[in-house]
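Asks: Structure for this input, please:
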Amino acid sequence: MKRRAPRPEHPALPAPARPRDALTASRAQEQRDASPGGAPYINLSSGTARSKKRRSLAALVGGLGLLLSFGTARAQEPRALDRAASDGVDRPIKDYSGEGDASSIELNPALLSGVQGLDLVIMGYRSVSPFTRGGGLGGFMSFNLGFGLATGIGVQALRPGFGGGYPDPFAARNPDATKISWALSGGDGKVAAFGLGVHWLRNDGLLRAPDLDVGLLFRIRNYASVGAVARFGAADLRPYGDLASELSIVGELAVRPLGTRTLELAGGVRGRFRADQPGLQVSQWDNLGALPRGRIAVRHKASSSPPRSSRSASTPSIRRPTTSCAPTKPCAARSSSRSPGTS
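Replies: Down below sits the predicted model:
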């Protein structure tokens, strides 16, 4: 019998994995061709991506549940900016030591001394947020009386409650009211001045005793100024029902690096003290803290040319010679100003 030589055994090639799409099949073929000896290729990308998606979805669901549980546990009424009951219509910029106008009755009455002539100001404020207090409308008028005195009056319709129909847990402390103000200022607005302001709150009658403001202003040449004001609300420092008694003190320093009104940098601090119960000493009042504040003012004023009839003090007056003609003599030029010794 003839024996046949055994056939060489070839390594069996594994059946190719079924790709789910054409892109996966092409990638698998590339990997098999690139691998030495035609080693089998196992595609684990789909399983890895699927497990990552599951982990991400689980983490998202867990985080959302934690957030909802935290919000439910810590839910409370919305917080609004705290304000005194007698604070006027809010404004984005508050100037206590720079340039004043009629509305300075509400901030620092000492600034009225620097306002020339008659000044009228109408201002209003309403925020887009329903939880912002300080809304309302007000009008102010000031007049410089001369002799270093100035006075002014103001009327404001205050609407500090929440908007949009939202319930206000502190509505009794922030009632709608009409605020009537009067102020008197004395001194030189370019050097130093003081001011007194009185404010009444009305809503079907007086809500409490009037507030009293005491303001001071000092100017350091053209480069700096210091303003300070203390408000006693009410003047007798007694609470009236839900309206607490409050003492606020504001100090501000304004610097003008160029020595002009073009650029002004200012910073200051406001301290507040409150008493909710009658009979408390000032040392027993609640300290609401010191609130820093600052502002930057950039102003531009076009220079107006003086009237033609006016003359500059630095320009000497020049008289032109006039001519006179006698009937029997020729005309001769002579000056209207006589020299000494001539008749």
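
Asks: Let me see the contact set for S225.
Replies: S97, G98, L217, F218, R219, L253, A254 (Cβ atoms under 8 Å, 6 or more residues apart in numbering). Just so you know, the C-beta spots here come from the backbone N, C-alpha and C atoms, and that holds for glycine as well.

Asks: one more time with 10 Å, if that's ok
Replies: Contacts of S225 were listed using Cβ atoms under 10 Å, 6 or more residues apart in numbering, and they are 96-99, 111, 114, 190, 192, 217-219, 252-256, 264, 266.

Asks: just the helices in this protein please.
Replies: 22-34, 45-73 (DSSP state H).

Asks: I'd like the average pLDDT over the first one.
Replies: The reference is to helix 22-34. For helix 22-34, mean pLDDT rounds to 58.

Asks: Which members of the contacts of S225 are classed as buried?
Replies: 96-99, 111, 114, 217-219, 252-254, 256, 264, 266 (16 or more other Cβ atoms under 10 Å).

Asks: Any stretches of the stretch 51-200 of the chain with poor pLDDT?
Replies: Residues of the stretch 51-200 of the chain meeting the criterion pLDDT under 70: 51-81.

Asks: Try it again at 50.
Replies: Scanning the stretch 51-200 of the chain for pLDDT under 50 picks out 70-78.

Asks: sorry, back to before: in strands, which of the buried ones among the contacts of S225 appear?
Replies: Secondary structure from DSSP state E places L217, F218, R219, E252, L253, A254, E264, A266 of the buried ones among the contacts of S225 in strands.

Asks: Tell me how far the second one lies from G205.
Replies: I take that to be F218. 39 Å (Cβ to Cβ, to the nearest Å).

Asks: sorry, back to before: just the buried ones among the contacts of S225 now: which is nearest I153?
Replies: Nearest to I153 among the buried ones among the contacts of S225: L111, at 15.2 Å, using Cβ to Cβ.

Asks: quick one, what contacts that closest one?
Replies: Residues counted as contacts of L111 (Cβ under 10 Å, 6+ apart) are 95-105, 142, 150, 183, 185, 189, 193, 195, 215, 217, 225, 227, 229.

Asks: Quick check on those: which are buried?
Replies: Judged by 16+ other Cβ under 10 Å, buried ones among these: 95-105, 142, 150, 183, 185, 189, 193, 195, 215, 217, 225, 227, 229.

Asks: Tell me how far the nearest residue to R133 once chain neighbours are set aside lies from G134.
Replies: Leaving aside its chain neighbours, R133 sits nearest to P160 (4.2 Å; criterion: Cβ to Cβ, 6 or more residues apart in numbering). Per Cβ to Cβ, P160 is found 6 Å from G134.

Asks: which of those two has more neighbours?
Replies: Using other Cβ atoms under 10 Å as the criterion, P160 and G134 rank with P160 on top: 24 against 19.

Asks: Distance-wise, check the more buried one relative to G268.
Replies: P160 sits 24 Å away from G268, going by Cβ to Cβ.

Asks: Spit out the contact partners of the residue lying closest to A192 once chain neighbours are set aside.
Replies: Nearest non-adjacent residue to A192, counting by Cβ to Cβ, 6+ apart: F218, 5.1 Å away. Taking Cβ under 10 Å, 6+ apart, we find F218 in contact with S97, A110, G187, V191, A192, A193, F194, A224, S225, V226, G227, A228.

Asks: partners of F218 in the sheet?
Replies: Beta-bridge pairing for F218 (DSSP bridges): A192, V226.

Asks: per-residue pLDDT, it?
Replies: F218 carries a pLDDT score of 96 in this model.

Asks: Quickly note the distance from it to L120.
Replies: Distance of F218 to L120, given as Cβ to Cβ: 27 Å.

Asks: With N174 instead?
Replies: Applying Cβ to Cβ, the value for N174 to L120 is 28 Å.

Asks: Neighbour count for the two, which is higher?
Replies: Higher neighbour count among N174 and L120: N174, with 23 against 12, using other Cβ under 10 Å.

Asks: so how far is N203 from the more buried one?
Replies: 12 Å.

Asks: Let me see the backbone angles for S127.
Replies: Dihedral angles of S127 (phi, psi; degrees, to the nearest 10) stand at phi -90, psi 160.

Asks: What is the neighbour count of the closest residue to it other than its chain neighbours?
Replies: In space, S127 comes closest to G135 once its chain neighbours are excluded; the distance is 6.8 Å by Cβ to Cβ, 6+ apart. Residues near G135, counting by other Cβ under 10 Å, number 18.

Asks: What's opposite G135 in the beta bridge?
Replies: Beta-bridge pairing of G135 under DSSP bridges involves R159.
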